[in-house]
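Trainee: sequence unknown, structure follows:
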């Protein structure tokens, strides 16, 4: 769900320092929350049906789909709780607020996916060694119900998954499970004509490998945010070059640049900016110009700029 942000700048200049805060009016992803709640209800029902169906039919593919669905329910609950926590306003002890709760939820969900993949592969190896007959009709019926429920859940979260990594991690659970249901149905149809029971285990492994592959990109993104890595779409060299190119600002150098994300899209930036000593009297205008470029061209919502004369570097004791 896309949010329109109207930015309101507050600049506090004192002794070459500036703090720029761009505040957006956020909708709280109400639609995403409703989608999560409905998906939790739908998937809880599917999970119960698939576990019972998997046990009665003897299908590992259906059981693996059921356990993945169970992880879906857990991931959806975690994502929903994280959104509620993320709404809390910042405090003196949590000066950046609680948005990182959603990043932690995404990390937990992805790690859970890897665990599920390992379990499925372990069970599949056992089934390769000891193939078992399967009640194909029951397997097909339950998988079809699962596909319908997962498909509805995927549609409910599709829009919000594009902009929220927390919902994206839950969406990936559901998307993978939708593919799992399709694979189980195809397997069931084949088994109706050919008793290739080993195919059930083979499809389970393919599902697990696919889930792990899709989870890896989210894992890397969440770790980058938690490690306060620079956003992938921002290049400090390009920002430095752009600021120096703005002749009206008279910037000589930009150094000690730090960029990180509180949550995806909420970028924090700080830097030391060197200007001719005589230009320090124009600090407010220079800082305002920098903020316009950072917010307008690079979508940086919060910046702290330290102005200094070209021959002086204020960074004395802390090497970061």
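Mentor: That came in fine, so what should we check first? Not measured: the values here are computed from a predicted model. Numbering: from 1, shown residues only.
Trainee: every contact and neighbour count from this point should use C-alpha atoms.
Mentor: Fine.
Trainee: can you show me the helices along this structure?
Mentor: With DSSP state H as the criterion, the chain has helices at 30-57, 60-86, 100-129, 136-161, 165-193, 198-226, 236-245, 283-298.
Trainee: how far does the shortest one sit from its chain's centre?
Mentor: Taking CA atoms, centre = their mean, to the nearest Å, the mean C-alpha location of helix 236-245 is offset from the chain mean by 28 Å.
Trainee: helices or strands up against it?
Mentor: The elements that helix 236-245 packs onto, with contact taken as 3 or more CA pairs under 8 Å, 6 or more residues apart in numbering; DSSP states H and E, are strand 253-263, helix 283-298.
Trainee: and the helices of the chain as a markdown table, adding mean pLDDT and distance to residue 258?
Mentor: Below are these laid out as a markdown table (pLDDT from 0 to 100; distance: least, CA to CA, whole Å):
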| stretch | mean pLDDT | distance to residue 258 |
| --- | --- | --- |
| helix 30-57 | 84 | 32 |
| helix 60-86 | 82 | 24 |
| helix 100-129 | 86 | 18 |
| helix 136-161 | 85 | 28 |
| helix 165-193 | 83 | 22 |
| helix 198-226 | 86 | 13 |
| helix 236-245 | 94 | 8 |
| helix 283-298 | 94 | 13 |
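Trainee: just tell me which of these ends up closest to residue 254.
Mentor: helix 236-245 (5.8 Å; CA to CA).
Trainee: picking that back up, quick one: which of the helices and strands packed on helix 236-245 is nearest residue 277?
Mentor: helix 283-298 (10.5 Å).
Trainee: grab the most central residue of the protein for me.
Mentor: residue 165 (2.0 Å; CA atoms, centre = their mean).
Trainee: which residue ranges make up the domains of the protein?
Mentor: Split into domains by automatic domain parsing, the chain comes to 30-226, 230-309.
Trainee: which residues does stretch 259-270 contact?
Mentor: 96, 99-100, 102-103, 163-165, 225, 228-231, 256-258, 299-306 (CA atoms under 8 Å, 6 or more residues apart in numbering).
Trainee: what subset of these is buried?
Mentor: 99-100, 102-103, 164-165, 225, 230-231, 257-258, 300-306 (16 or more other CA atoms under 10 Å).
Trainee: wait, isn't the residue nearest to the centre of the chain in contact with residue 104?
Mentor: No - Residue 165 is beyond contact range of residue 104, at 10.1 Å (criterion: CA atoms under 8 Å).
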